[in-house]
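Enquirer: coords please:
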Amino acid sequence: MPIYEYECDVCGAVFDKFVRSMSNGQPVECPKCHSDQCHKKISSFASSSTTGASASAAACAPSG
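Expert: The predicted structure follows:
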C-alpha cells in the first residue's frame, strides 16, 4: 500500500495516509479537523551521501 502525504485546505494540517487504491473514490479526512477538503502534496525523496553513488549501491548489495 502506498503512503501519500496530504495537506488539509481548512486547518493546514499535514498528515500521511495509507491508500489502498486511488480509484476507490473515498475522500481523505483530516485527522485534526475532520474536513474532507484535503489535497495530496508533492513529496520528494531526499538522501545525502558523502561517499558517492557507487558506495551506496555497494552497501545495498547482498554480502556473503
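Enquirer: can you give me the strands in this structure?
Expert: 3-8, 14-18, 38-40 (DSSP state E).
Enquirer: Not including adjacent chain positions, what is the nearest residue to E29?
Expert: D36 (5.4 Å; C-beta to C-beta, 6 or more residues apart in numbering). (Glycine included, C-beta is placed from N, CA and C.)
Enquirer: quick one on the thing from earlier: would you reformat the strands of the chain as TSV and include distance to E29, mean pLDDT and mean neighbour count?
Expert: Formatted as TSV, the strands of the chain follow (distance: least, C-beta to C-beta, whole Å; pLDDT from 0 to 100; neighbours: other C-beta atoms under 10 Å):
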stretch	distance to E29	mean pLDDT	mean neighbour count
strand 3-8	9	92	15
strand 14-18	9	91	13
strand 38-40	7	93	15
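Enquirer: between these, which one is nearest to Q26?
Expert: Minimum separation from Q26 across the strands of the chain (C-beta to C-beta) falls at strand 14-18, 10.7 Å.
Enquirer: Output that closest one as CSV, nothing but the C-alphas.
Expert: The C-alpha atoms that make up strand 14-18 are tabulated as CSV, following Å, rounded to 0.1, in the frame of the first residue of the first chain:
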residue,chain,number,x,y,z
VAL,A,14,-0.1,17.9,7.1
PHE,A,15,-0.5,14.1,7.5
ASP,A,16,0.3,10.8,5.9
LYS,A,17,-2.3,8.3,4.8
PHE,A,18,-2.2,4.7,3.6
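Enquirer: Name every strand pairing with it and say which way it goes.
Expert: With DSSP bridges as the test, strand 14-18 is paired with strand 3-8 (antiparallel).
Enquirer: before we move on, the earlier item: nearest to C30, out of the strands of the chain?
Expert: Checking the strands of the chain against C30 by C-beta to C-beta gives strand 3-8 as the closest, at 3.9 Å.
Enquirer: Contacts for that closest one, please.
Expert: Applying C-beta atoms under 8 Å, 6 or more residues apart in numbering, the contact partners of strand 3-8 are 13-19, 28, 30, 32-33, 35, 37-41, 43.
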